[in-house]
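S.K.: Here's a sequence, model it:
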Amino acid sequence: MNSTFFLVLRRMRAPIIVLIVIYAIAIFGLTLVPGVDAEGKASAPLSFFHAFYFISYTATTIGFGEIPVAFSDGQRLWVTVCIYLTVVGWSYSVVTLIALLQDKGFQNTLTTNRFARRVRHTRQDFYLICGCGETGGLIARSFDHIGQAFVVLEKDELRVEELDLLDFKTDTPALAADARLPDNLRLAGLCHAKCRGVLAVTNDDEANLAIAIAVRLLNPGIPVIARAEQKSVAANMASFGTDHIINPYERFADSLALAVAAPERFRLIELLTSLPETPLAEPHQPPHGHWILCGYGRFGHAVAERLRNTGIRLTIIDPAAGDADHDIIGDGTEASTLRQAGISEARGIVAGSNNDINNLSIAVTAHELNPELFVVARQNQAANNALFAAYGADFTVLPSRVIAQECIALLTAPLLARFLDRVQQLNETQCRQLVERLQAACAGLTPVVWDNRLNAAEAPACWQALMHGRTIELGSLLADAADRQRRLPVVPLLVERGTDYLLLPADDFTLQAGDQLLFASPLAAQRELELTLRNANELDYVLTGNDHSGSLLGKLLAGRTA
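M.R.: So this is what the prediction gives:
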């Protein structure tokens, strides 16, 4: 606010001085020019007060007449001069003011002050998203869908303006500023008591590194999730204690290799880490055998390393000839190059260049030469969604979506990482059965994965009942608060008790105060179960069937019925 005030004073200094000088000259002149009385005789000039009063309403074009008596010709001549002087002065001031209001610097100052005030007055937990391109936009939409507050820092001013056009449920604070600068991070609430974490998801690894370091130094108590495509930058982030470092290429390569080696386990992980309440993707079952990889950059290196570990025989096509690992020189868009790579006998192909049009060309050409081919297409820009959807590759990877999915999974359910570490304990049959349960519970959409600790803050009603010695089994807690004979579509995934973890707990599992539970469910079921855990009347109903109304009218009606 101070910067805005002083900016106005600095820009309006000259117009204000001009107006003061004009007013002073006009008033001083009226106090010197003789007047005339009712008989036409010369009289004393106007007093200072009357001169000031007259000039005040005359210079502002209000007009009120000649007071306290009619003016002399000399006074009228002086007033005529003063009128033109004040019109010029006010015109200069108004033009300067309009130019100030249109000035980019002044508008940025107002926007920054308004943004800082909104963040400062925030009363709910929020996450700070640094970078709101494709990845940040996906995260923002997911946060908005599940009701999680967030603040946005984005360097591109046009992108910030586009956020206002999105149909968010709330008016999200967003500022066009460089997130690498510590002052901007502070302005966005990095040190705010309600800030719960920072997501450095810009498309610049160096910027993400600067953000991660700033968070570790300025507010080390909150988690930071950072995107890094270069191994050197990721190692630097790790040395500063960055909580989660996401390399989209390595994440996808791991997923593709898992889909080849254990398709049901991959399907389960894909279901739990997808953006919440989005349509289910088609099951992916990449075949074993000979594959062709087009493009051997960072993405290609990651995919090649993982696929070879599964026993797949790989032929690589890339324009660079200096790397000894390259089998064939080319980009894969020509049929002759694909035939040279053995496309007719291949079982799968990865179109993995950094050009979306080339990747589509590779996929179309390869499919024409071998219709039975399993096609994996890399999509670099979300703007090309329509093209990739129209083609319909067996497996499409969009790096921004890979990052967004992992960020949402890590932040909305920190216990999910523990569950994924223990998924290896499940065989393919168990994974398939769990996938079927999740699909039945969520009716064709991906589940919302969330956790809840049975303590006074997150589940006060349940915690209080457990502290008073009440025995509560997990299955009885999942009854619908509207009709306890109906079970909520909630799938318990994991229970954390101290240092122990129980995978897929049964309905007869006895809960204890302090347990942390991981669930997968539709968003509506999550809110219903959270209400049961918080409200003593709801909890008592689902456990015993006793319907206690907390209102005075309910108590009166219950007493009259009895």
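S.K.: Contact partners for residue 529?
M.R.: With contact taken as Cβ atoms under 8 Å, 6 or more residues apart in numbering, residue 529 is in contact with 452, 477, 478, 488, 490, 519, 521. In this view, the C-beta of every residue, glycine as well, is placed from N, C-alpha and C.
S.K.: go on, residue 492?
M.R.: Under the contact definition (Cβ under 8 Å, 6+ apart), the residues listed for residue 492 are 474, 478, 504, 505, 517, 518, 519.
S.K.: picking that back up, mind giving me JSON lines with the contacts of residue 529 and columns for distance to residue 442 and secondary structure?
M.R.: Output for those, formatted as JSON lines (distance: Cβ to Cβ, whole Å; DSSP: H, G, I helix; E, B strand; the rest coil):
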{"residue": "452", "distance to residue 442": "18", "secondary structure": "strand"}
{"residue": "477", "distance to residue 442": "19", "secondary structure": "helix"}
{"residue": "478", "distance to residue 442": "15", "secondary structure": "coil"}
{"residue": "488", "distance to residue 442": "12", "secondary structure": "coil"}
{"residue": "490", "distance to residue 442": "10", "secondary structure": "coil"}
{"residue": "519", "distance to residue 442": "12", "secondary structure": "strand"}
{"residue": "521", "distance to residue 442": "7", "secondary structure": "strand"}
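S.K.: Just the closest of those residues to residue 76, please.
M.R.: Using Cβ to Cβ, the shortest approach to residue 76 within those belongs to residue 452, at 84.0 Å.
S.K.: Redo the contacts of residue 529 as CSV? Include neighbour count and distance to residue 110.
M.R.: What follows is those, written out as CSV (neighbours: other Cβ atoms under 10 Å; distance: Cβ to Cβ, whole Å):
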residue, neighbour count, distance to residue 110
452, 20, 42
477, 23, 51
478, 21, 51
488, 22, 48
490, 21, 47
519, 23, 44
521, 23, 44
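S.K.: export those residues to CSV and tack on pLDDT and distance to residue 21?
M.R.: Supplementary listing: those in CSV, determined by pLDDT from 0 to 100; distance: Cβ to Cβ, whole Å:
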residue, pLDDT, distance to residue 21
452, 93, 70
477, 92, 79
478, 93, 80
488, 94, 77
490, 95, 76
519, 95, 74
521, 94, 73
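S.K.: which among the residues you listed gets closest to residue 446?
M.R.: Nearest to residue 446 among the contacts of residue 529: residue 521, at 11.1 Å, using Cβ to Cβ.
S.K.: can I assume that closest one is in contact with residue 490?
M.R.: Yes - because the distance of 4.1 Å satisfies Cβ atoms under 8 Å, residue 521 is recorded as touching residue 490.
S.K.: what's the overlap in contacts for these two?
M.R.: With contacts defined as Cβ under 8 Å, 6+ apart, the residues shared by residue 521 and residue 490 are 441, 529.
S.K.: if we can go back for a sec, quick one: which of the contacts of residue 492 is most hemmed in?
M.R.: The member of those that has the most neighbours, counting by other Cβ atoms under 10 Å, is residue 517 with 26 neighbours.
S.K.: Quick one: residues contacting that residue.
M.R.: When contacts are taken as Cβ under 8 Å, 6+ apart, residue 517 is in contact with 415, 451, 452, 453, 454, 474, 492, 494, 495, 496, 505, 511.
S.K.: Closest one of the residues you listed to residue 175?
M.R.: Proximity to residue 175 was ranked across the contacts of residue 517 by Cβ to Cβ; first place goes to residue 451, at 31.2 Å.
S.K.: Quick one: neighbours of the closest one, just the number.
M.R.: 19.
S.K.: ok now do it, which residues does it touch?
M.R.: Each residue near residue 451 by Cβ under 8 Å, 6+ apart is listed here: 413, 414, 415, 416, 516, 517, 518, 519.
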